[in-house]
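Chemist: Need the 3D shape of this:
(4 chains)
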There are 2 protein chains.
Amino acid sequence: MQLAKLHSLLADETRLRLLHLLLQGPLCVCHFQDILDAPQVKISKHLGLLRASGLVTNRRHKNWVIYELAEKPSGAIQAQLHALTQTAKTEPVFQRDLKRLHKVSNQAGEIISACCS
Amino acid sequence: MQLAKLHSLLADETRLRLLHLLLQGPLCVCHFQDILDAPQVKISKHLGLLRASGLVTNRRHKNWVIYELAEKPSGAIQAQLHALTQTAKTEPVFQRDLKRLHKVSNQAGEIISACCS
DNA sequence: GGTCTATATGCTCTAAAAAGAATATTCTGT
DNA sequence: ACAGAATATTCTTTTTAGAGCATATAGACC
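Modeler: Next comes the predicted model:
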């Protein structure tokens, strides 16, 4: 992927938040909706873009779809993910997402077993 | 600057090329035009954006305006500039620009003394 | 097979970004 | 003060990206 394209992909707060959550581990769509507090279409479309660009993969588990970071990302992508974790430490949105993520995953115990109820 | 904003700024090939050239050292607008082979307006506008975002500074020297990278860039920006140099090694546009830059700066000897003629 | 649930897709509207033509500004040298 | 050179700005047009509604798909469970 061209560098400019990669940057366009990252030039959206929603997608950055999705990626940031995925850096913590796999997650299903409904949890993204909960955590970001955003409508289903929005989440789904942005995840779709990330998937179309090969940054993430998804698999189905029962009724839910689980997304996770693609393995073996290119060097450029690795660098960006690293930069993201760094920045996430200082930007409040990301911290807020993290808090919510922990709440959700505590409630759910095993993320996958008891998804959205 | 928010991370998403920073990425938007970098999500344009022209701006990436300008920054990449600036990583080699200060350069005047007319040389950017020569090297990128792009119209004056285009160059000037993109440089304007970079300047408005604080990534670069400019100063006047005789008839010309010299741009250079801002000193003490934030960590996020440093990381992006580093990523850019890495990627530039593999993307042909950037290599082509480098070649042209060297041609120009050889011709001109001291860049500033004999700018565009 | 039918129904329900979770997610994805198509279509439309709006907003933001890029390009280009024409013009303005700012300095230089006379 | 004037003319010319280099760069910036304004305005318009075109392109691209995001949001949201409505609808489609795909699997789960009865």
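Chemist: so what pLDDT did the residue most central in space within chain A get?
Modeler: Chain A has residue A:18 as the residue nearest its centroid, 2.7 Å off, counting by Cα atoms, centre = their mean. On the pLDDT scale, residue A:18 is placed at 98.
Chemist: what helix or strand is residue A:16 on?
Modeler: Per DSSP states H and E, residue A:16 falls inside helix A:13-22.
Chemist: residue contacts, the residue nearest to the centre of chain A?
Modeler: A:32, A:36, A:43, A:46-47, A:50, A:67 (Cβ atoms under 8 Å, 6 or more residues apart in numbering or on different chains). For glycine as for every other residue, the C-beta is placed from the backbone atoms N, C-alpha and C.
Chemist: Then residue A:86?
Modeler: Counting by Cβ under 8 Å, 6+ apart, residue A:86 has contacts B:75-76, B:79.
Chemist: Below-threshold pLDDT in chain A: ranges please.
Modeler: Within chain A, the ranges that satisfy pLDDT under 70 run A:107-117.
Chemist: And the helices in it, which stretches?
Modeler: In chain A, the segments counted as helices under DSSP state H are A:3-10, A:13-22, A:29-36, A:40-52, A:75-88, A:92-108.
Chemist: What helices and strands are in contact with the longest one?
Modeler: On a contact count with 3 or more Cβ pairs under 8 Å, 6 or more residues apart in numbering or on different chains; DSSP states H and E, helix A:92-108 meets helix A:13-22, helix A:29-36, helix A:75-88.
Chemist: which of the ones you listed is buried the deepest?
Modeler: Most buried of the helices and strands packed on helix A:92-108 by mean neighbour count (mean count of other Cβ atoms under 10 Å in any protein chain shown) is helix A:13-22; its value is a mean of 22.
Chemist: Distance from the chain centre to that helix, please.
Modeler: Relative to its chain's centre, helix A:13-22 lies at 4 Å (Cα atoms, centre = their mean, to the nearest Å).
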